[in-house]
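*Asks:* Next come a sequence and a model predicted from it.
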Amino acid sequence: MDLILWRHAEAEDGLPDKSRKLTAKGEKQARAMAAWLKSRLPRETQILSSPAKRALQTASALVEKPQIVPALDVGASAAAVLAAAGWPDNGTVVVVGHQPTLGRVAALLLAGEEQDWSVKKGAIWWFSNRVRGGEAQTVLRAVMAPDLL
């Protein structure tokens, strides 16, 4: 399985939190990352998004109609994200979500416990699950931030 954690791009400040929109810079970040991902993702990739407006706008740069998953909303748990994605037994899944949740998922996958790791706005962390010598392994394939594209 490949799991891509994509933090929503830069968003406006304000309330209500779930209604915050991407800034012009955020829209540019989302388009750039979507272009980078499109050339690397298989056709049958699932795109899952938090219902928050900024996450949906980010995901929509990649696919016209991302699948909205309430379990990925602001404040989601790392376990809820992994369950929604079907980790580690699914195909390729992109999860568009929020901090600190995505950082906690990354830490759980790589360090075996949740920690408050930082995922930059608009950045992706790409993980693969594989079996080697009868043991499951988590591999960090890429970390990419929009300012590096």
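*Replies:* Happy to help now that I have it.
*Asks:* Make sure residue 103 is indeed in a strand.
*Replies:* No: in this structure, residue 103 is helix, not part of a strand, as judged by DSSP: H, G, I helix; E, B strand; the rest coil.
*Asks:* Look up the closest residue to it, ignoring the ones flanking it.
*Replies:* residue 117 (3.8 Å; C-beta to C-beta, 6 or more residues apart in numbering). From N, CA and C alone the C-beta is placed, and that goes for glycine too.
*Asks:* quick one: contacts for that neighbour?
*Replies:* Going by C-beta atoms under 8 Å, 6 or more residues apart in numbering, residue 117 touches 103, 104, 106, 107.
*Asks:* Tell me the spacing between the residue of the chain most remote from its centre and residue 6.
*Replies:* Most distant residue from the mean C-alpha position of the chain: residue 133, 29.1 Å away (C-alpha atoms, centre = their mean). Relative to residue 6, residue 133 is positioned 31 Å away (C-beta to C-beta, to the nearest Å).
*Asks:* Low-confidence stretches in the chain?
*Replies:* Along the chain, no part satisfies pLDDT under 70.
*Asks:* Looking at it, which helix is longest?
*Replies:* helix 24-38 (DSSP state H).
*Asks:* Return the list of strands paired to whichever helix or strand comes after that helix, each annotated with direction.
*Replies:* Note on helix 24-38: by DSSP states H and E, the next helix or strand toward the C-terminus is strand 46-49. Applying DSSP bridges to the sheet, strand 46-49 is found paired with strand 67-68 (parallel), strand 92-97 (parallel).
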